[in-house]
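J.: Predicted coordinates and the sequence they were generated for:
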Amino acid sequence: MRDLTKLSVLFILFFTQNSFGHRGENDGHERLSDPVRIDQALEELELNNRVKENTLCEDVANCLLEKQAAMTELATQMSVVTEYISRLMEDEELKQNQDRLKELLQQCRDISTEDQVAELVAKIDNTHWIHGSEDCNVNADPEIQVERIGMGLSIMRQNKCLTAEAPFLYILESEDKVVLIDTGDIYEGSELYNQVQAIAGDREIVVTHTHAHGDHTGGDNSFSKKENCQLHSTGIENNKEMFGIENWPDDIGTFDMGDRELQIIPVPGHERSSIAIYDPQSKVMLTGDIMYPGRLYINNYPDFLSSLDRLKEFSEENEVSAYLGGHVEMSNEPGEDIGFGNYAPNERSLVLRNSDLDQLYDAAYKNSDSRDNVTLDQFIIYP
Ligand SMILES: [Zn+2]
Ligand SMILES: [Zn+2]
């Protein structure tokens, strides 16, 4: 969107219309995009073009435009920004406003309404994943299933006929970066790079990992020598450096996506350098193998407990829409292990929620002395 002046008028128009009564969202859309009305308003307001030169201002306007589907709820924030944009038009010193604009841009980008997030989680919940075949010789599924979920989140699943682990891989996108989280279990001849490249286009690809196990780092080689790729190495020291974590595992790190900061929570216990990644846009927490619907293999029990503490504490301070892990190993029947193999026709959903974390937390603490295998609805604790 280049014509910022038009955009600004569009916002002003929206609020002028909106202030005269409550209308349906679709109705508003139609009237807003009517070119005659916008042009008329442009003429009436005799706007100058200075504001076009301010790209931050344009970013704010673009961000708001993207979010207009949820306009009723956003009306308050929008009115603040709209008023600001109109003030800018009369301002002699646009440069002085850069900081305030940056702040507004961040505020706008942080907006993801409850409805949007709920819709996103429902979409993940209802996604039908490839799950292998009884006879893998006749399996016609792709090597990797790619689902563009929305809000900058894509989820990939590797074919269970090619890897019994069938891990889930994640992509988080921003305007200038595409972050791939885990590279899966397939070492040779994988299509993964091409799939990620197709999503990335000319954006930089950053590859990072939830942890160092082979079923999450298998495809690393295909990214290591590519010019547009930055491949993070695994391990505690690398994590500390990459995400600015001073005190491992107590501090929370960050990763700058340009338009938002991912939160990086150290979660050792399954593997010593494990991290969970929280995206403030979609509000999903990517948990790798520390928490997924399945057999939770624990390598260090005290670490596991304190990692659950950190996840719980984080979820009390931040909205987490869903926990998405590296595998699914439970069936639709609560407490039923799907077993090993290349075929899993009745897998349960990938989505875990705060209530599942609570259940795991309580059971893991109760089990801290005896350290037995404990079967819960969505998990089997395997100390
Ligand atoms: Zn693992
Ligand atoms: Zn794994």
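T.: Arrived safely. As the structure is a computational prediction, the values presented were derived from the model and not from experiment. Ligands and ions are numbered 1, 2, ... in the order given.
J.: Now G325. Nearest residue, chain neighbours left out?
T.: In space, G325 comes closest to Y292 once its chain neighbours are excluded; the distance is 2.4 Å by Cβ to Cβ, 6 or more residues apart in numbering. The way it works is simple: take the backbone N, C-alpha and C, and place the C-beta from them, glycine included.
J.: same thing with T163?
T.: Excluding the flanking residues, the one nearest T163 by Cβ to Cβ, 6+ apart is D185, at 4.0 Å.
J.: Report the contact partners of that neighbour.
T.: Neighbouring residues of D185 by Cβ atoms under 8 Å, 6 or more residues apart in numbering: Q158, T163, E165, A166, P167, G214, D215, H216, G218.
J.: make it 7 Å
T.: Q158, T163, E165, P167, G214, D215, G218 (Cβ atoms under 7 Å, 6 or more residues apart in numbering).
J.: What of P268?
T.: P249, S274, N300, D303, S307.
J.: same thing but at 6 Å, please
T.: Contacts for P268 (Cβ atoms under 6 Å, 6 or more residues apart in numbering) come out as P249, S274, D303.
J.: and what of G341?
T.: Counting by Cβ under 6 Å, 6+ apart, G341 has no contacts.
J.: on that earlier part again, restricting to the contacts of D185, which residues neighbour ligand 2?
T.: D215 (Cβ under 5 Å from the ion).
J.: Might you specify the subset of the contacts of D185 located within strands?
T.: Taking DSSP state E, the ones among the contacts of D185 that sit in strands are Q158.
J.: Closest one to ligand 2 out of the contacts of D185, please.
T.: Closest approach between these and ligand 2, by Cβ to the ion: D215, at 4.4 Å.
J.: was I right about that closest one contacting E165?
T.: Yes: using Cβ atoms under 6 Å, D215 is in contact with E165, at 4.2 Å.
J.: lowest confidence element among the helices and strands of this structure?
T.: Ranking every helix and strand in the chain by mean pLDDT, DSSP states H and E puts helix 25-32 at the bottom, with a mean of 35.
J.: On the three-state scheme, W248 is what?
T.: Put simply, W248 is coil when judged by DSSP: H, G, I helix; E, B strand; the rest coil.
J.: Could you give the number of residues near it?
T.: Residues lying near W248 (other Cβ atoms under 10 Å) number 17.
J.: that older thread, which of the contacts of P268 lies closest to V284?
T.: Lowest distance from V284 to the contacts of P268 (Cβ to Cβ) belongs to S274, with 16.9 Å.
J.: The closest one contacts H213, correct?
T.: No: under the criterion of Cβ under 6 Å, S274 is not in contact with H213, lying 9.1 Å apart.
J.: what stretches of this structure score poorly on pLDDT?
T.: Scanning the chain with the threshold set as pLDDT under 70 gives 1-58, 60-61, 63-101, 104-105, 107-113.
J.: How is it divided into domains?
T.: For the chain, the structural domains run 4-111, 115-382, going by automatic domain parsing.
J.: Could I get the contacting residues of S349?
T.: D125 are the contacts of S349 under Cβ under 6 Å, 6+ apart.
J.: name the element it belongs to?
T.: Assessed by DSSP states H and E, S349 sits outside every helix and strand.
J.: Next, format the contacts of D185 as JSON lines and append neighbour count.
T.: Listed next are these as JSON lines, based on neighbours: other Cβ atoms under 10 Å:
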{"residue": "Q158", "neighbour count": "26"}
{"residue": "T163", "neighbour count": "18"}
{"residue": "E165", "neighbour count": "20"}
{"residue": "P167", "neighbour count": "25"}
{"residue": "G214", "neighbour count": "11"}
{"residue": "D215", "neighbour count": "20"}
{"residue": "G218", "neighbour count": "22"}
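J.: Now the two most distant members of the contacts of D185.
T.: Every pair of the contacts of D185 checked by Cβ to Cβ; the farthest is Q158 and G214, at 12.8 Å.
J.: For the stretch 201-350 of the chain, which residues are neighbours of ligand 2?
T.: Counting by Cβ under 5 Å from the ion, the stretch 201-350 of the chain sits next to ligand 2 at D215, D289, G326.
J.: Isn't S174 up against M257?
T.: Yes: the pair S174 / M257 is scored as a contact, 4.0 Å apart, by Cβ under 6 Å.
J.: ok, those two, which is more surrounded?
T.: More neighbours surround M257 than the other of S174 and M257, with 22 against 18 (other Cβ under 10 Å).
J.: tell me the contacts of the more buried one?
T.: S174, K177.
J.: Could you measure from it over to N194?
T.: Look at M257 and N194: by Cβ to Cβ, to the nearest Å, they are 23 Å apart.
J.: So what pairs up with the residue nearest to R353 when sequence neighbours are not counted in the strands?
T.: Distances taken as Cβ to Cβ, 6+ apart put A322 closest to R353, at 6.5 Å, once the chain neighbours are dropped. Beta-bridge partners of A322, counted by DSSP bridges, are V284.
J.: A322: neighbour count?
T.: Count around A322 with other Cβ under 10 Å applied: 23.
J.: show me what contacts it?
T.: Neighbours of A322 in contact, by Cβ under 6 Å, 6+ apart: V121, V284, V351.
J.: Then L231?
T.: Contacts for L231 were tallied using Cβ under 6 Å, 6+ apart; they are V207, F223, S224.
J.: Other residues contacting stretch 118-128?
T.: E147, I149, G150, M151, S282, S321, A322, S349, V351.
J.: Report the separation between the first one and P249.
T.: When you say that, I think you mean E147. On the measure of Cβ to Cβ, E147 and P249 end up 31 Å apart.
J.: Which residue of those two possesses the greater neighbour count?
T.: Taking other Cβ under 10 Å, E147 and P249 do not tie; P249 has more neighbours (22 against 16).
J.: Okay, the closest residue to the more buried one other than its chain neighbours and C136: tell me how far apart.
T.: Setting aside the residues directly before and after it, P249 is nearest to P266 in space (Cβ to Cβ, 6+ apart), at 3.4 Å. According to Cβ to Cβ, P266 stands 37 Å off from C136.
J.: Looking at the two, which one has more neighbours?
T.: Neighbour count, other Cβ under 10 Å: between P266 and C136, P266 has more, with 26 against 15.
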